[in-house]
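S.K.: got a sequence here, can you build the structure:
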Amino acid sequence: MPFKDVAFEAVADTVRTRQYNPLRAARALTAMSVAQAQAVQQASVAPPATQQMVARQAAAGVLVWLFPQEAHVPWLVGLLPTGAEPDQSTAAMQAVAQVIERSLTDGADARRRPLAKPSWRPGLWQRTPPLLAEQPSEPQAPRWRPWCPGTETLQPPDPPPHGSAAWRNGMTEVRDVRERLTVAQKLAALRWNLDAGSVTPPGVWNIVVRTYLAEHPVPPVQHYRMLALLNMAMHDALVAGWRVKLTHWTERPYTAIRRDIDPAFEPFLLTPPFPGYVSGHAVVSGAAAEVLARLLPEARERWQALAREAADSRLWGGIHSRFDNEEGLRLGQRVAQTCLDQFEDGEVDAMQAASPLITVPAGTPAYSSVLPRKIGVLE
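M.R.: Purely as a prediction, here's the structure:
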């Protein structure tokens, strides 16, 4: 029987309504997915229908914490199962407590502080119209806590220096591609653009995979574990990508090409308000495809083709060079490999005995003192 993704639709609706950026969307999706996977794993000996109920309870607990202003809306009420046994509620709420405890120290709620930008010179990022933002979005993201320890040390090669042959070739290609864009390329660029008010790239990957799993069902323990690993890797890939962006502060094609190559250059898409190297679409898609190629290898070519299209769409949009995209894909793959090496315990069939995705200090109570208690699953 196909899985009903009420919980994902709840997150997707909120991401669209609040116009979350990809980092914020990834954080919410990962928190929910990890709580569901942990809860279902604890209930792995229960019947599948009971495991699904536990997953819904875990999702509701996390979403009320993340989105308190939406706690009364119909999609959340629809998540709250009735008639749950005490053991089911305990499994769900222990997982919720662990995720919430972690969220308090993950760095994502730190006060936004302006960054000291390097003194400008050709090759460094500068604001672009129409937004003309002086500060990049999510300036504290490089300090967000990763779900997979070790991903915070991963680094791609340095970008090509401004004025080098590799740099000029890359920027010239962006200009040349823009001049001969095909209809198919324009449609792909628009399809992957996912601007404010969209589900963002992590949301698109969730839609693709959840649809696939609905058509090719697996037991709940495997289902939720796969989704958790996918979202953990995408979250950490975006954090790694932002760390690279705010280390190198590389210039976007819009300003580079108009100054040094073609003053009339206009990208097909609006240039986002943050540095170029590496591409966020590429890094998150490289991570997603790598996780899925390991966990769902029968569709490996499909995952890899989607990641390639996501990366290329930014070149077609005129907002990233090929070196932004290629190194973004590679960095995302390395992030995913780091996550899988830690948490994917061999065969997917063995996921019932898999290692926990999240740990809390010894002595943490079963019900966290920070849990919101005035919803049905917690009373």
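S.K.: report the buried residues of the longest helix anywhere in the chain.
M.R.: Criterion DSSP state H: the longest helix present in the chain is helix 220-248. For helix 220-248, burial by neighbour count (16 or more other Cβ atoms under 10 Å) applies to 220-246, 248. Yep, even glycine has a C-beta here, placed from its N, CA and C like the rest.
S.K.: then stretch 49-60?
M.R.: Buried positions in stretch 49-60, judged by neighbour count with 16+ other Cβ under 10 Å: Thr50, Gln51, Gln52, Met53, Val54, Ala55, Arg56, Gln57, Ala58, Ala59, Ala60.
S.K.: return the distance of the fourth one relative to Ala43.
M.R.: The reference is to Met53. Met53 sits 9 Å away from Ala43, going by Cβ to Cβ, to the nearest Å.
S.K.: beyond the longest helix of the chain, next helix or strand please.
M.R.: helix 253-260 (DSSP states H and E).
S.K.: model confidence for Thr151, exactly?
M.R.: At Thr151, the model reports a pLDDT of 98.
S.K.: how about the closest residue in space to it that isn't next to it in sequence, what does it touch?
M.R.: Spatially, and ignoring its direct neighbours in sequence, Thr151 is nearest to Asp236 (4.3 Å; Cβ to Cβ, 6 or more residues apart in numbering). Applying Cβ atoms under 8 Å, 6 or more residues apart in numbering to Asp236 gives the contacts Pro146, Trp147, Cys148, Thr151, Ala287, Val335, Thr338, Cys339.
S.K.: and if you look at Ala264?
M.R.: With Cβ under 8 Å, 6+ apart, Ala264 has these contacts: Arg258.
S.K.: tell me the phi and psi of it?
M.R.: Main-chain torsions, Ala264, degrees, to the nearest 10: phi -90, psi 0.
S.K.: select from the contacts of Asp236 the one having the most neighbours.
M.R.: Within these, most neighbours by other Cβ atoms under 10 Å means Ala287, with 36 neighbours.
S.K.: my guess is Leu340 contacts Ala293, does it?
M.R.: No - look at Leu340 against Ala293 with Cβ atoms under 8 Å: they stay out of range, at 9.9 Å.
S.K.: quick one: contacts of stretch 159-169?
M.R.: Applying Cβ under 8 Å, 6+ apart, the external contacts of stretch 159-169 come out as 121-123, 170, 248, 250-251, 256, 260-261, 277, 323-324, 327.
S.K.: show me which of those residues are buried.
M.R.: For those, buried by 16+ other Cβ under 10 Å: Gly123, Gly170, His248, Thr250, Glu251, Ala256, Asp260, Tyr277, Phe323, Asp324, Glu327.
S.K.: separation between the third one and Pro275?
M.R.: Relative to Pro275, His248 is positioned 7 Å away (criterion: Cβ to Cβ).
S.K.: do the same with Pro157
M.R.: 16 Å.
S.K.: and these two? Which one has more around it.
M.R.: Using other Cβ under 10 Å as the criterion, Pro157 and Pro275 rank with Pro275 on top: 23 against 9.
S.K.: please report how far that one lies from Pro68.
M.R.: Distance from Pro275 to Pro68, by Cβ to Cβ: 33 Å.
S.K.: touching, Val177 and Leu315? I think so.
M.R.: Yes - between Val177 and Leu315 there is a contact at 6.0 Å, judged by Cβ under 8 Å.
S.K.: between these two, which one's more packed in?
M.R.: A count of neighbours by other Cβ under 10 Å puts Leu315 above the other of Val177 and Leu315, at 24 against 19.
S.K.: so which helix or strand takes in the more buried one?
M.R.: Element membership of Leu315 [criterion: DSSP H and E] is helix 300-316.
S.K.: counting neighbours, what do you get for the closest residue to Arg308 other than its chain neighbours?
M.R.: What sits nearest to Arg308 in space, not counting adjacent residues and going by Cβ to Cβ, 6+ apart, is Leu329, at 7.8 Å. Leu329 has 27 neighbours, counted by other Cβ under 10 Å.
S.K.: could you verify that Leu329 is part of a helix?
M.R.: Yes - under DSSP: H, G, I helix; E, B strand; the rest coil, Leu329 falls within a helix.
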